[in-house]
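Visitor: quick check, what structure comes out for this input:
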Amino acid sequence: MKTRAAIHVGQNAPQVVDELDLPDPGPNHVTVSLFASGICHSQLHQIHNPNQPTPSVLGHEATGVVTGAGSGVDYVKEGDRVMVTWLTRTPSPGQRPAAVSGWAYRGQPVNFGLGGTATWTESTVVHEQYVVKLPDLVDEQLTSIIGCAVMTGAGAALNTGRVRAGDSVAVFGVGGVGLSCVQACANAGAYPIIVVDLRDDKLAFASQFGATHFVNASIEDPVARIRELTGGVGVDCSFDAIGAPKTLEQFYQVVRTGANGISEPGTAVLIGVPTGPTQFQMGQMWNRRLTGSFGGGGRPERDFPMYVRWFQEGKLPLDKLVSRRYRLEQINDALGDLERGDIAGRSIIVF
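Guide: Prediction:
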């Protein structure tokens, strides 16, 4: 079958919206007609990356309806609504299933942006491990960002940082991933929840997701300010949802140090994709923990239903987090807005 998609054709080149050819689903594959797809900041890294193979279709979080299933698929059937993600639905101790081969654009094989998923397309074909059932009567556009933004941000708080009631936290960067982390910390009962960004409007927006204290890093030193807010101690857990060289230097310095045999150290969690080299001040690492969170360290089959319940119960305001919607034909406008920092929360493509 043919489908319309946004196609990456070269480093820093505009996305080309055109038709491409999809393969029939294999025994363990599903074809999904998409409702909506998230636009993640990591796609900007891929567009700017000279090593990103072309042509390729980017995007790795979406919702849709199953329109075809291979003979070995027993988890979903035609007509089922699903969330599409880039982590396997169930634990995969070995290599994750690869992208489905057979996609073609003008006779050339099509590559994917991340793992085995491509979602900037009206229809997609993926291994069935990359879909999780979406309940009926749940908004199919807003839930499109659960497959990456929510999974990664909220999962980093719950699964990697293991934030608990009463913990103090700091979150660097309050885009879609950072705000999901903030909301999960709030749901866990953390206080204070300190957010760091470069724009006052984004800091104010974070208050709608549970942030309690705000640091504009363009006008003050976030390390000094967070220490001041915590009485010189530092936070129990910090998160870097950006990965820029400057935040990589700062986010681990704001966690409290442990005392030998008396108290546990604080934990610094890297969520964002590092965008350049940085120098860790190793002397600052004594009695602190530093770790990374790959996709929120979670299990989609277990975690996604919880995030949907949060949304239904008003504990995850996806209607606020999804702040702008675009048509597929507007993908380059959407990427420009994201590049300029004009997106509060997460933007999506609506098919």
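Visitor: ok, which stretches of the stretch 251-351 of the chain are helices?
Guide: 300-312, 318-321, 331-339 (DSSP state H, counting those that start in this stretch).
Visitor: correction: the chain
Guide: Ranges of helices in the chain, per DSSP state H, are 42-48, 151-155, 176-188, 200-206, 222-229, 245-250, 300-312, 318-321, 331-339.
Visitor: and those helices as JSON lines, adding mean pLDDT and mean neighbour count?
Guide: To be clear about C-beta, it is placed using only N, CA and C from the backbone, and glycine gets the same treatment. Below are the helices of the chain laid out as JSON lines (pLDDT from 0 to 100; neighbours: other C-beta atoms under 10 Å):
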{"stretch": "helix 42-48", "mean pLDDT": "93", "mean neighbour count": "18"}
{"stretch": "helix 151-155", "mean pLDDT": "98", "mean neighbour count": "29"}
{"stretch": "helix 176-188", "mean pLDDT": "98", "mean neighbour count": "29"}
{"stretch": "helix 200-206", "mean pLDDT": "96", "mean neighbour count": "17"}
{"stretch": "helix 222-229", "mean pLDDT": "97", "mean neighbour count": "19"}
{"stretch": "helix 245-250", "mean pLDDT": "91", "mean neighbour count": "19"}
{"stretch": "helix 300-312", "mean pLDDT": "97", "mean neighbour count": "19"}
{"stretch": "helix 318-321", "mean pLDDT": "98", "mean neighbour count": "19"}
{"stretch": "helix 331-339", "mean pLDDT": "97", "mean neighbour count": "17"}
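Visitor: got those as TSV, with distance to residue 263 columns?
Guide: Conversion of the helices of the chain to TSV gives the following (distance: least, C-beta to C-beta, whole Å):
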stretch	distance to residue 263
helix 42-48	36
helix 151-155	26
helix 176-188	20
helix 200-206	29
helix 222-229	17
helix 245-250	23
helix 300-312	30
helix 318-321	35
helix 331-339	41
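Visitor: so which of these is nearest residue 170?
Guide: Residue 170 lies closest to helix 222-229 among the helices of the chain, at 5.4 Å (C-beta to C-beta).
Visitor: the closest one - contacts with which helices or strands?
Guide: strand 169-172, strand 193-197, strand 213-216 (3 or more C-beta pairs under 8 Å, 6 or more residues apart in numbering; DSSP states H and E).
Visitor: just name the most buried of those strands.
Guide: Among the helices and strands packed on helix 222-229, strand 169-172 has the highest mean neighbour count (mean count of other C-beta atoms under 10 Å), at a mean of 32.
Visitor: sheet partners, orientation included, of that strand?
Guide: When pairing is defined by DSSP bridges, strand 169-172 lines up against strand 193-197 (parallel), strand 237-240 (parallel).
Visitor: which one of those strands lies closest to residue 46?
Guide: Comparing the strands paired with strand 169-172 by C-beta to C-beta, strand 237-240 comes nearest, at 19.8 Å.
Visitor: and the closest one, average pLDDT?
Guide: For strand 237-240, mean pLDDT is 98.
Visitor: quick one: pLDDT of the nearest residue to residue 19 once chain neighbours are set aside?
Guide: Leaving aside its chain neighbours, residue 19 sits nearest to residue 2 (4.9 Å; criterion: C-beta to C-beta, 6 or more residues apart in numbering). If you check residue 2, the pLDDT there is 97.
Visitor: beta partners for residue 2?
Guide: residue 21.
Visitor: please apply the same query to residue 36.
Guide: residue 63, residue 350.
Visitor: what separates stretch 120-131 from the chain centre, distance-wise?
Guide: Centroid separation for stretch 120-131 versus its chain: 17 Å, with C-alpha atoms, centre = their mean, to the nearest Å.
Visitor: ok so, going back, right, and the helices of the stretch 251-351 of the chain - which one's nearest residue 109?
Guide: So among those, helix 331-339 is nearest, using C-beta to C-beta, at 21.5 Å.
Visitor: give me the packing partners of the closest one, helices and strands only.
Guide: strand 29-39, helix 42-48, strand 322-326, strand 346-350.
Visitor: tilt between that helix and strand 29-39?
Guide: Counting by axes from the mean of the first three to the mean of the last three C-alpha atoms, to 10 degrees, helix 331-339 lies at 50 degrees to strand 29-39.
Visitor: kindly export helix 331-339 (C-alpha atoms) in PDB.
Guide: The C-alpha coordinates for helix 331-339 follow below in PDB (Å, rounded to 0.1, in the frame of the first residue of the first chain):
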ATOM      1  CA  ILE A 331       5.800  19.600   9.500                       C
ATOM      2  CA  ASN A 332       8.500  22.200   8.600                       C
ATOM      3  CA  ASP A 333       6.600  25.000  10.300                       C
ATOM      4  CA  ALA A 334       6.300  22.700  13.400                       C
ATOM      5  CA  LEU A 335      10.000  22.000  13.300                       C
ATOM      6  CA  GLY A 336      10.800  25.700  13.000                       C
ATOM      7  CA  ASP A 337       8.600  26.500  16.000                       C
ATOM      8  CA  LEU A 338      10.300  23.800  18.000                       C
ATOM      9  CA  GLU A 339      13.800  24.900  17.000                       C
END
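Visitor: residues in contact with residue 70?
Guide: With contact set as C-beta atoms under 8 Å, 6 or more residues apart in numbering, residue 70 has these partners: 25-30, 128.
Visitor: cool, residue 35 as well?
Guide: Applying C-beta under 8 Å, 6+ apart, the residues near residue 35 are 62-65, 140-141, 144, 350-351.
Visitor: which residues touch the residue positioned nearest the centre of the chain?
Guide: Relative to the mean C-alpha position of the chain, the nearest C-alpha, by C-alpha atoms, centre = their mean, is the one of residue 149, at 2.8 Å. Counting by C-beta under 8 Å, 6+ apart, residue 149 touches 38, 40, 61, 176-177, 180, 321, 346.
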